[in-house]
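Asks: From the sequence below, what's the structure:
(2 chains)
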Amino acid sequence: MEGKVLKGQRVLLPEFDLAEMNSANTGGGIISDLRLGSEIARLKSEVDKWIDSCSEEMRPTLRWQFSGGAKYFRPLTVFSCFRAMFNGEIDKQARIAALVVELIHNMTLIVDDIVDESQYRRKKLTLHYQFGILPALMTSGFIVSEAYRLVRSHPRTIELVSELISRLGVAECLQWRLRRRPLGFEDWWQIASEDTGSMFEICACLGSRGERLRRFGLLLGVLYHGCDDVADVRGVEALGGGGEADVRDGILTLPASIAIRNPEISALFLNPTEEARRQLAAAFQAALPLAEQRLDELAAQAKSEAIENARDPRDLLTLINYTRGLSAR
Amino acid sequence: MDYEYDYYDYPDRVDLTAHEPILTIASILGQAYFQCALSGLRFGFAATKSIVRGHIRLIDNLQASRNPEQSREETIRTLVDEARGCLRDVGEAASCEVRRLQSKLGTLQEVAREVIVEGNHPDSVYIRRWKAKS
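Replies: Numbers count the residues shown, from 1 in each chain, chains lettered A, B, ... in the order given. Here you go, the predicted model:
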């Protein structure tokens, strides 16, 4: 393996991919349900064109990072929010915004995989495992500079992209500085809202070109984060486990945040020995009904935000229903 | 037996220390409500002051417009400019008040967190408790 520099042993978790988004869950898939197949195809070709226009030195890492497996859920959010407010053909500015969001999202994945020492992402080796840490870090910086170059003539987009990157950085540093012991759902909310929620919040602002759908974006992002958490616990539950990798790594998933309200489970969570892991997995599974209830509440809030603030909320409601369904995958 | 039953059921005999965290939480929520109400009043006062000032300027400008040297167009432009300034003032007061309230509620959140003793002890080793979603 080229660039084998770390010894991380994360197992590959089940993931839902673009093919799944196109075919499963809602019959025709979310992309076709939103009638955005041609836009997503166009976005993919724009990503390819952008990579071809980049320095030859960076192309192999960029191709690796952007090839296959992407779900394009963030660009879908940009397009849906655009339609919800303007009800017309997707325009050039929205396409650039979607492209930039996809770039920034990939930058965060590269950095995240390095920090977590993850070996796999999207069913293949992570960028730093394939090429080494230095090329991966440089690629992430290169992506950010390119993102700003692409939006150089859109001051508001620059402002929003800056807000997103700085929020992600601040949240990460704050968590590191406090080294806090998680106590419950509120700690999960802080993670989900600043990690995934902030990205969707910015997608909503970029798509709607205003602030009216900001909270909708936040709620959609947190819902996405929570449904993915529940799916991870449920997915491994089907195999007789219970989110084994998450338990081992001390990941605060939504079910875990509910389960650790019990002080005994909390103590085990802070010190997950081999024996404790089984108990923790069982406790997380027991927390699933409450987690689903929380997700239902979140979905309901997101729907009312969409209905109250969008001119045509239909696509936003489709997006929420699809996201809510992800926890059962 | 009757005596024992009365002893445990009688409110005065209940161990109040066991209820202390609950009282603390109730008090925190009460303080939060007080801060929200105070914030609303403070914003209402600031907005009223700005709007009243805006109206006074409107009247002043209307009086000045009697001056034959000032055109109607100039008067309208002046009034629009003043109205915009007044709305900016109200908007700034709103953002300022929201920030202040958020800070107060954040402090109360910290106080609430401290009710759980283990929450006050930071982990010596940092554990990153999330993974980025693809």
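
Asks: only C-alpha atoms for contact and neighbour calcs from this point on.
Replies: Noted.

Asks: Show me what from chain A comes close to chain B.
Replies: A:70-71, A:108-109, A:112, A:116, A:121-122, A:175-176, A:178-183, A:191, A:195-196, A:225, A:228, A:249-253 (Cα under 8 Å from any Cα of the partner chain).

Asks: Just give me how far stretch B:99-109 sits from the chain centre.
Replies: 7 Å (Cα atoms, centre = their mean, to the nearest Å).

Asks: Run the contact check for it versus chain A.
Replies: No. Stretch B:99-109 lies apart from chain A when judged by Cα under 8 Å from any Cα; the minimum separation is 10.0 Å.

Asks: circling back: can you select the buried ones from the residues of chain A next to chain B in ChimeraX?
Replies: Buried residues within the residues of chain A next to chain B, by 16 or more other Cα atoms under 10 Å in any protein chain shown, are selected in ChimeraX with:
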select /A:70,71,108,109,112,116,121,122,175,179,180,181,182,183,191,195,196,225,228,249,250,251,252,253
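
Asks: can you tell me which of the residues of chain A next to chain B are in helices?
Replies: Among the residues of chain A next to chain B, the residues falling in helices (DSSP state H) are A:Thr108, A:Leu109, A:Asp112, A:Asp116, A:Gln175, A:Trp176, A:Leu178, A:Ile191, A:His225, A:Asp228, A:Asp249.

Asks: shouldn't A:Ile51 be in contact with A:Arg59?
Replies: Yes. A:Ile51 is in contact with A:Arg59 according to Cα atoms under 8 Å; the separation is 6.1 Å.

Asks: which stretches of the stretch 151-300 of chain A aren't confidently modelled?
Replies: Counting by pLDDT under 70, the stretch 151-300 of chain A has low-confidence residues at A:236-243.

Asks: give me that answer again for 80
Replies: Within the stretch 151-300 of chain A, the stretches with pLDDT under 80 are A:235-244.

Asks: how about the helices of it, start to end?
Replies: Using DSSP state H, counting those that start in this stretch, the helices assigned to the stretch 151-300 of chain A run over residues A:155-178, A:185-192, A:198-208, A:214-238, A:244-249, A:254-259, A:263-270, A:274-286, A:288-309.

Asks: Burial check on residue 91, number of neighbours?
Replies: Using chain A here. The number of residues packed around A:Asp91, counting by other Cα atoms under 10 Å in any protein chain shown, is 10.

Asks: that's the wrong chain, I meant chain B
Replies: 13.

Asks: which SS class is it?
Replies: With DSSP: H, G, I helix; E, B strand; the rest coil as the basis, the three-state label of B:Gly91 is helix.

Asks: So which residues of chain B form helices?
Replies: Going by DSSP H, chain B shows helices at B:2-9, B:20-64, B:72-113.

Asks: Turn those helices into CSV, columns for mean pLDDT.
Replies: Formatted as CSV, these follow (pLDDT from 0 to 100):
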stretch, mean pLDDT
helix B:2-9, 47
helix B:20-64, 94
helix B:72-113, 94
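
Asks: For A:Ala282, find the nearest of these.
Replies: helix B:72-113 (26.5 Å; Cα to Cα).

Asks: other SSEs contacting the closest one?
Replies: Applying 3 or more Cα pairs under 8 Å, 6 or more residues apart in numbering or on different chains; DSSP states H and E, one finds that helix B:72-113 contacts helix B:20-64.

Asks: now the helix it packs on against helix B:72-113, angle please.
Replies: 170 degrees (axes from the mean of the first three to the mean of the last three Cα atoms, to 10 degrees).

Asks: ok so, going back, could you work out the most separated pair of the ones in helices among the residues of chain A next to chain B?
Replies: A:Leu178 and A:Asp228 (25.9 Å).

Asks: Excluding chain neighbours, what is closest to the residue of chain B found nearest chain A?
Replies: Per Cα to the nearest Cα, B:Arg129 is where chain B lies closest to chain A, at 4.2 Å. Once flanking residues are discounted, B:Arg129 sits nearest to A:Ile251: 4.2 Å by Cα to Cα, 6 or more residues apart in numbering or on different chains.

Asks: check contacts around that neighbour.
Replies: If you count contacts by Cα atoms under 8 Å, 6 or more residues apart in numbering or on different chains, A:Ile251 has them with B:Arg128, B:Arg129, B:Trp130, B:Lys131.

Asks: So which of these wins on neighbours?
Replies: B:Lys131 (23 neighbours).

Asks: Wait, that one touches A:Ile110, no?
Replies: No. Counting by Cα under 8 Å, B:Lys131 does not reach A:Ile110; the two are 11.7 Å apart.

Asks: Check for me that A:Ile31 belongs to a helix.
Replies: Yes. Counting by three-state DSSP, A:Ile31 is found in a helix.

Asks: Test my guess that it contacts A:Glu39.
Replies: No. Taking contacts as Cα under 8 Å, A:Ile31 lies outside contact range of A:Glu39: 9.3 Å.

Asks: So these two - more neighbours on which side?
Replies: With neighbours defined as other Cα under 10 Å, A:Ile31 and A:Glu39 compare such that A:Ile31 has more, 22 against 17.

Asks: how much space between that one and chain B?
Replies: According to Cα to the nearest Cα, to the nearest Å, A:Ile31 and chain B sit 17 Å apart.

Asks: Equivalent analysis for A:Lys49, please.
Replies: Taking Cα to the nearest Cα, one finds A:Lys49 at 22 Å from chain B.

Asks: Give me the most central residue, chain B.
Replies: B:Leu101 (2.9 Å; Cα atoms, centre = their mean).

Asks: thinking again about what came up before, just put the helices of the stretch 151-300 of chain A in a markdown table and tack on distance to A:Leu326.
Replies: Below are these laid out as a markdown table (distance: least, Cα to Cα, whole Å):
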| stretch | distance to A:Leu326 |
| --- | --- |
| helix A:155-178 | 24 |
| helix A:185-192 | 16 |
| helix A:198-208 | 16 |
| helix A:214-238 | 6 |
| helix A:244-249 | 18 |
| helix A:254-259 | 14 |
| helix A:263-270 | 26 |
| helix A:274-286 | 17 |
| helix A:288-309 | 11 |
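
Asks: out of those helices, nearest to B:Ile76?
Replies: Nearest to B:Ile76, of the helices of the stretch 151-300 of chain A and by Cα to Cα, is helix A:155-178 at 30.9 Å.

Asks: which helices and strands does that closest one pack with?
Replies: Judged by 3+ Cα pairs under 8 Å, 6+ apart, helix A:155-178 is in contact with helix A:198-208.

Asks: Thought A:Ala259 was touching A:Ala287, still the case?
Replies: Yes. Counting by Cα under 8 Å, A:Ala287 touches A:Ala259, with 5.8 Å between them.

Asks: Which of these two has more residues huddled nearby?
Replies: Taking neighbours as other Cα under 10 Å, A:Ala287 and A:Ala259 compare with A:Ala259 leading, 28 against 19.

Asks: quick one: the more buried one and A:Gln279, what's the gap?
Replies: Taken as Cα to Cα, to the nearest Å, the spacing of A:Ala259 relative to A:Gln279 amounts to 11 Å.

Asks: same deal with A:Phe185?
Replies: For A:Phe185, the distance to A:Gln279 (Cα to Cα) stands at 19 Å.
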